[in-house]
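[1] Any chance you could fold what I've pasted below:
(chains A and B)
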Amino acid sequence: QKEVEQDPGPLSVPEGAIVSLNCTYSNSAFQYFMWYRQYSRKGPELLMYTYSSGNKEDGRFTAQVDKSSKYISLFIRDSQPSDSATYLCAMSVGQAGTALIFGKGTTLSVSS
Amino acid sequence: ETGVTQSPTHLIKTRGQQVTLRCSSQSGHNTVSWYQQALGQGPQFIFQYYREEENGRGNFPPRFSGLQFPNYSSELNVNALELDDSALYLCASTPGRQGGSPLHFGNGTRLTVT
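    Below is the predicted model:
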């Protein structure tokens, strides 16, 4: 079992839809949870950063962490064609020198 | 604008050759991390440097090595290139040594090994 599992998609939705992206993980020591957006030919761009369990909202984006279920989600409201990208979840135990562990990424396409 | 710049953007090498990739971190960021992202995969941790010393390493062989310089620049060197080394190589910097800090990546160097 991989440490972080993420459905690669692709996921296709119409403009204005609510998008739900999810990751599951196996390491209960993970404390820091992130979502990155990666456009083609670009590096990953940090979208959301959360410590421990709970919800965090930033504009059209909401990140949820459920440590009891080892499950994290990213919701995108009122999706736009510019949201078309690959979304990567990432997590860390938080110790210096340790890796950020990424999922494989979910490819999202929003059609106008 | 992430503040992290990488060069070159693209590179083509032959199997068995050596390659050096470069990264310029944000000013004041004394921790730099390198990741390898194969096509269709998430980035994988290669190693991290803090104040010019290796601070952590992922599951990569010794032919992957690095250097960090006092001017916040760093290098990733790969010897004896293999076809599977073809990937996007990403650099990220953070201001401190504390784990758990969010990483801000550059746009990477795409390496093709033929």
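[2] need the residues of chain A near chain B, please.
    By the rule Cβ under 8 Å from any Cβ of the partner chain, the part of chain A lying against chain B is A:4, A:6, A:8, A:31-32, A:34, A:36, A:41-46, A:49, A:51, A:88, A:90, A:92-105. For every residue, glycine as well, the C-beta is placed using N, CA and C.
[3] May I have the residues that are in contact with residue 49?
    Let's take chain A. Contact analysis of residue A:49 by Cβ atoms under 8 Å, 6 or more residues apart in numbering or on different chains lists A:32-34, A:56, B:102.
[4] hm, I was asking about chain B
    Here residue B:49 is in contact with B:31-33, B:55, B:66-68, B:74 (criterion: Cβ under 8 Å, 6+ apart).
[5] thinking again about what came up before, show me which of the contacts of residue A:49 are buried.
    Among these, the ones that count as buried by 16 or more other Cβ atoms under 10 Å in any protein chain shown are A:32-34, B:102.
[6] mind listing which of these are in strands?
    Counted as lying in strands by DSSP state E, out of these, are A:32-34.
[7] for the chain, what are the low-confidence residue spans?
    The chain I'm using is chain A. Across chain A, the ranges flagged by pLDDT under 70 are A:1.
[8] oops, chain B please
    B:1-2, B:98.
[9] Which helix or strand contains the residue nearest in space to the middle of chain B?
    Closest to where the C-alpha atoms of chain B average out (Cα atoms, centre = their mean) is residue B:34, at 3.1 Å. Secondary structure assignment for residue B:34, by DSSP states H and E: strand B:31-37.
[10] Using PDB, write out every CA atom in whatever helix or strand comes next after that strand.
    Counting by DSSP H and E, the next helix or strand C-terminal to strand B:31-37 is strand B:44-50. Listed next in PDB are the C-alpha coordinates belonging to strand B:44-50 (Å, rounded to 0.1, in the frame of the first residue of the first chain):
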ATOM      1  CA  GLN B  44       9.500  12.300  -5.000                       C
ATOM      2  CA  PHE B  45      12.000  13.600  -2.500                       C
ATOM      3  CA  ILE B  46      15.600  13.300  -3.500                       C
ATOM      4  CA  PHE B  47      17.400  15.300  -0.700                       C
ATOM      5  CA  GLN B  48      17.400  18.400   1.400                       C
ATOM      6  CA  TYR B  49      20.200  20.800   2.200                       C
ATOM      7  CA  TYR B  50      20.400  23.200   5.200                       C
END
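[11] Please tabulate the buried ones among the contacts of residue A:49 in JSON lines, including the columns distance to residue A:66.
    Output for those, formatted as JSON lines (distance: Cβ to Cβ, whole Å):
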{"residue": "A:32", "distance to residue A:66": "15"}
{"residue": "A:33", "distance to residue A:66": "10"}
{"residue": "A:34", "distance to residue A:66": "16"}
{"residue": "B:102", "distance to residue A:66": "20"}
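[12] where along the chain do the strands fall?
    Defaulting to chain A. Taking DSSP E to define them, one finds strands in chain A at A:4-5, A:11-14, A:19-25, A:32-38, A:45-51, A:54-58, A:61-66, A:71-76, A:85-92, A:101-102, A:106-111.
[13] That was the other one, I meant chain B.
    Counting by DSSP E, the segments of chain B that form strands are B:5-7, B:10-13, B:19-24, B:31-37, B:44-50, B:53-57, B:64-68, B:73-78, B:87-94, B:104-105, B:109-113.
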